[in-house]
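In: Let's see this in three dimensions:
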Amino acid sequence: MLSPAFSISPQQLWRLIGTADAPQLIDVRRRDIYESTPGLLPASIWREPTELPRWIGTLDPACPVVVACKAGKELSQFITAELRAAGYHASMLEDGSFAWSDAGLPMVDRAALARFAPKRPSIWVTRRRPKIDRIACPWLIRRFIDPQAKIMFVDPAYVEAAAAEAGGIPFDIQGVELSHDGERCSFDTMLKLFGLESEPSLARLALIVRGADTARPDLALEAAGLHAISLGLSQLAGDDDHGLLERGFMVYDALFAWLRFAAEERHNWPARA
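Out: Numbers count the residues shown, from 1 in each chain. I've put the predicted structure just below:
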């Protein structure tokens, strides 16, 4: 693999976030700045910049790394240089988190992240045999909250007890915070709690998920298709929930890419020259 460019723009990074090709995103802002900031870059993890020798070995050498500090100056320059010298495919975020924020790109609510995923990898527990919402929520968690998150599937009666035993977060069952709210799905609830509901493509994806998961195909034209594909994948997977998760992530990756980059594209026959 050729080493990537030394720097990456916020727009270039945003095209990668929410995909299977997203880099490891390391927030190296100084602790006081990090702890006073309400929003974090999606899927990022904070590391103390002065302790690079301690955490450098936790990075995956096969996956590119993007380093982000406050303004893209000496701190991220130095750490990016150190990582590249150690053989990592590292880049720095141009002009840091300030530029990301100025570009109006989505941020994850830091208080919600601290409450639901204070440790990495975070643990999330839900009901076995997922179909739609319980595939969409893990996709959101892995793509925007914690790429290393562990998803556990158990019998419905044991979700809360298993979560307590594992130190995890129960979701998509009655009586817990991360669940349906009226006609809105658990996916909607997570978007709201983590401050992501204003991102247009995620908001539209939520409408598709809601329509498919609650028998409301009138909410979005794509809902009926998602419903059919999800139930078909479930039949193919049988009792292999994690195999279904892997297949389902490809569906949500594709839907999200379509919503961001190709929703206005049209196909006709006969093809036009």
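In: For the rest of this, base every contact and every neighbour count on C-alpha atoms.
Out: Fine.
In: ok now do residue 196, which residues does it touch?
Out: With contact taken as Cα atoms under 8 Å, 6 or more residues apart in numbering, residue 196 is in contact with 106-108, 202.
In: Any chance of TSV for these, columns pLDDT and neighbour count?
Out: Shown next, in TSV, are these (pLDDT from 0 to 100; neighbours: other Cα atoms under 10 Å):
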residue	pLDDT	neighbour count
106	97	20
107	97	21
108	98	21
202	98	21
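In: just these now: which is nearest residue 231?
Out: Ranked by distance to residue 231 (Cα to Cα), the contacts of residue 196 are led by residue 202 at 21.8 Å.
In: correct me, but the closest one touches residue 258?
Out: No: with contacts counted by Cα atoms under 8 Å, residue 202 stays clear of residue 258, the gap being 11.3 Å.
In: From residue 82, how far out is residue 6?
Out: Computed with Cα to Cα, to the nearest Å, the distance linking residue 6 and residue 82 is 12 Å.
In: that older thread, just the contacts of residue 196: which are in strands?
Out: Assigned to strands by DSSP state E, the following of the contacts of residue 196 qualify: residue 108.
In: Tabulate the contacts of residue 196 (JSON lines), appending distance to residue 244.
Out: What follows is those, written out as JSON lines (distance: Cα to Cα, whole Å):
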{"residue": "106", "distance to residue 244": "28"}
{"residue": "107", "distance to residue 244": "29"}
{"residue": "108", "distance to residue 244": "27"}
{"residue": "202", "distance to residue 244": "22"}
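In: what's the closest of the contacts of residue 196 to residue 59?
Out: residue 108 (21.6 Å).
In: how close does that closest one get to residue 140?
Out: Distance, residue 108 to residue 140, by Cα to Cα: 11 Å.
In: Kindly report the same for residue 149.
Out: Relative to residue 140, residue 149 is positioned 11 Å away (criterion: Cα to Cα).
In: Mind checking which of those two has more residues around it?
Out: Shown here are residue 149 and residue 140; by other Cα atoms under 10 Å, residue 140 has more neighbours (21 against 18).
In: sec struct for that one, please.
Out: When classified by DSSP: H, G, I helix; E, B strand; the rest coil, residue 140 comes out as helix.
In: same check, this time on residue 67
Out: On the three-state scheme (three-state DSSP), residue 67 is labelled strand.
In: Which strand residues bridge it?
Out: residue 26, residue 92 (DSSP bridges).
In: from what I can see it touches residue 91, true?
Out: Yes: assessed by Cα under 8 Å, residue 67 is found in contact with residue 91 at 6.2 Å.
In: Give me the common contacts of these two.
Out: What both residue 67 and residue 91 touch, as defined by Cα under 8 Å, 6+ apart, is the set residue 80.
In: Any stretches of this protein with poor pLDDT?
Out: In the predicted model of the chain, residues 1-2, 272-273 satisfy pLDDT under 70.
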